[in-house]
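[1] Sequence below, structure please.
(one chain, ligands or ions: 1)
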Amino acid sequence: MKQLLNRTFEGTLRVPGDKSITHRSLMLAALAEGRTEIHLPLKSEDTYRTMEIMRAIGADITESGDIWIVESRGHAHLHSPAGPLYTGNSGTTSRLIIGLLAGLGLEAEFSGDDSINRRPMDRVQRPLLDMGADIRLKDEKYPPVHIYPKPLKAIDYDMPIASAQVKSAVLLAGLFAEGTTVVRESSPSRDHSEIMMKQFGAELSSKDGVISLTGGKKLTSADVTVPGDISSAAFPLALAILKPGTSITIENVSLNPTRSGILEVLEMMDANIEIETLPGDGEAIGNITASYTPELRGFDISGEIIPRLIDEIPILALLAAYSNESCTVSDAGELRFKETDRIRAVVDELSKFGIRFEEKEDGFTVLPGEIEPAAGTAVKGYHDHRIIMMLIIFSIVSDTPLNIDDTSAIDISYPGFINDLESLRKDA
Ligand code: S3P
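    Numbers count the residues shown, from 1 in each chain. Predicted coordinates for the structure are as follows:
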């Protein structure tokens, strides 16, 4: 990483495919009858966990360069896995397969790595129990998760938390439930499941935060082209804004409004960004250019924007540290249930450099002030890809070599992260 310090960066990048969309394409392709091509999927630790599980229940999946080919005889031909499943570090795999396996009426057991085995699964279990599922959790909350076959009936579900994972699990189960499943959201969470279920032929409609899905419709295969992941793009974009002499364009990235809250905050901060939308149906896509911005304004965000930028809050905390004004994030208590407690992790690690935080249960305020980077400072990544990438961007922006305990978790969402940054070095 030393090769990235004391440099400026310029150029154009395509970040890896969207993680949420890649997981969902594998799952829906396995449920659908026929052959689905997934173009430009995210090839990462998390998405390979979903791939292996779809194989274990009977989907035939092959890789051919940047295309994954899923062949399935349809949901009725999928079967219970031969042994316990493993979801690794992937929250999306874990939550969504509970709905999918319960919906299919299969018997299965899964657990994940240490982080997953400490993350709550009862948020998904609760609505599924209401649908008639038989799902058992360790200490009524955690993996290992056991799912037993039971027929499901539709429910009308008022979401108590804004969570696309919970919503998607209920919808996946709803595909096979008797009747029309209704999900009500007070704040919009990412809607990739809804968009893709329609593309695969589900009878689904969505309006004003109310999603209705009628069970029992056979899904048919549909090819998918995965756009770049805005959650990955956020790191090079932050680098461009914070590093003097730097300008970076990210091409073909998802601009889905349920994911692009970060761009609204960058605008609030008066960051130099330009967004070019590209034509197409399905997911909104475009190119984003960000350039060095010497004076960043503050922000105060809460409420409906939070689910639309939930994964970008660690890198937003770093941007906030370089602002001349105070920056506040509220209503983001969900961050405490991610790969690690991201509020704690951000506050603990960035405080080591004189960055002043006021920590709250549901967020934090970053106060303006001097940053005091000290070479060789030991920092922890908590085996959390987004915390590690944020710390790496801080190291590059401040030209400070840091001693990060373990960077291997980058591969969970952005293998090639360091190489991509290297390709943008001005002297490369
Ligand atoms: C995801 C939803 C979000 C997000 C996660 C991916 C998804 O989690 O943090 O990285 O693909 O559905 P929640 O829905 O639990 O907030």
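
[2] Name the nearest residue to residue 344, ignoring sequence neighbours.
    residue 336 (7.4 Å; Cβ to Cβ, 6 or more residues apart in numbering). Where you see a C-beta, it was placed from the backbone N, CA and C, and this is true even at glycine.

[3] so what pLDDT did that neighbour get?
    Listed pLDDT for residue 336 reads 98.

[4] show me what contacts it?
    Taking Cβ atoms under 8 Å, 6 or more residues apart in numbering, we find residue 336 in contact with 342, 343, 344.

[5] Could you confirm it falls within a strand?
    No - when the secondary structure is assigned by DSSP: H, G, I helix; E, B strand; the rest coil, residue 336 falls in helix instead of a strand.

[6] check the contacts of residue 336 against the ligand, which are close?
    Filtering the contacts of residue 336 for proximity to the ligand by Cβ under 6 Å from any ligand atom leaves nothing.

[7] helices or strands next to the strand or helix carrying residue 211 in the packing?
    Element membership for residue 211 (DSSP states H and E) is strand 210-214. Here strand 210-214 touches helix 164-174, strand 180-184, strand 203-207, going by 3 or more Cβ pairs under 8 Å, 6 or more residues apart in numbering; DSSP states H and E.

[8] Dump those into JSON lines; add distance to the ligand and mean pLDDT as well.
    Output for the helices and strands packed on strand 210-214, formatted as JSON lines (distance: least, Cβ to the nearest ligand atom, whole Å; pLDDT from 0 to 100):
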{"stretch": "helix 164-174", "distance to the ligand": "4", "mean pLDDT": "98"}
{"stretch": "strand 180-184", "distance to the ligand": "13", "mean pLDDT": "98"}
{"stretch": "strand 203-207", "distance to the ligand": "15", "mean pLDDT": "97"}
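
[9] Out of these, which one sits most buried?
    Among the helices and strands packed on strand 210-214, helix 164-174 has the highest mean neighbour count (mean count of other Cβ atoms under 10 Å), at a mean of 27.

[10] Can you work out which other helices and strands pack against it?
    Packed next to helix 164-174, using 3+ Cβ pairs under 8 Å, 6+ apart, are helix 19-31, helix 91-104, helix 122-130, strand 180-184, helix 192-199, strand 210-214.

[11] go again using 6 Å as the cut-off
    helix 91-104, helix 122-130, strand 180-184 (3 or more Cβ pairs under 6 Å, 6 or more residues apart in numbering; DSSP states H and E).

[12] Contact residues of the stretch 151-300 of the chain facing the ligand?
    Going by Cβ under 6 Å from any ligand atom, the residues of the stretch 151-300 of the chain near the ligand are 163, 164, 165, 168, 189, 190.
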